[in-house]
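# sequence plus the predicted model coming up.
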Amino acid sequence: LRERRRADLVHAAATQLERAALVRYDRRTGALVATDLGRVASHYYITHRSVLAYKDALKPTMSDIEIFRLFALSAEFRHMRVRQEERVELEHLLTKVPVPVKEAVDEPAAKCNVLLQAYISRLRLDGFALVADMVYVTQSAARILRALFEIVLRRGWAQLAARLLTVCKMVDRRQWDTQSA
């Protein structure tokens, strides 16, 4: 009974990973073979939910609005919530960040997007909870953006790869590419 339960769990997990294109799974033999996408996700600790989102949303040409939005839609931030006391400050930050945010201020993706842009822009935050969330977003930013860069690079999309590399550098330097050193 335990053996069967364990086999079912492995099969379910392997099927999910195959759906995200992280592995190739042979149901008959139970063999798992990692894909390039799977190796990138593993190297950067990206969840299969995020990879599914990236797989659907990535296209050869994307604007900064779409890149920041895709970052904010990562499953790594699915537990982030917009607290009532943060709304006013987030609305204020929305007016200060350079890349427009499509989502409403009360959506977690908007909060993530705004916090990353506020970090790059070196904007000062007042709320303690917002500062804590910014730390979480910025600690994940370099890792997630580099993973996106590698995924795009392996697909051979040079224009988007160059743009993602620029965004990675903007996060590392906390400076927009339009600013001078």
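That came through fine. This structure is a prediction, so every number in the text was calculated from the model and none was measured.
# so who does the residue lying closest to A118 once chain neighbours are set aside touch?
Taking CB to CB, 6 or more residues apart in numbering, and ignoring the residues beside it in sequence, A118 has L93 as its nearest neighbour in space, at 5.3 Å. Placement of C-beta: from N, CA and C, glycine included. Residues in contact with L93 (CB atoms under 8 Å, 6 or more residues apart in numbering) are 114-115, 117-118, 123, 125.
# can you check A57 too?
Neighbours of A57 in contact, by CB under 8 Å, 6+ apart: 66, 70, 73.
# tell me, how many residues neighbour the last one?
I take that to be L73. 20 (other CB atoms under 10 Å).
# quick one, phi psi at it?
Per-residue torsions, L73: phi -90, psi 0 (degrees, to the nearest 10).
# I'd assumed A109 was in contact with it.
Yes. In this structure L73 lies within contact range of A109 using CB atoms under 8 Å: 5.4 Å.
# all helices for the chain, in order.
Assigned by DSSP state H, the chain shows helices spanning 2-19, 36-43, 48-57, 64-72, 87-96, 108-121, 128-155, 158-173.
# out of these, nearest to H79?
Among these, the nearest to H79 by CB to CB is helix 108-121 (8.3 Å).
# what's that closest one packed up against?
The contact analysis (3 or more CB pairs under 8 Å, 6 or more residues apart in numbering; DSSP states H and E) places helix 108-121 against helix 64-72, helix 87-96, helix 128-155, helix 158-173.
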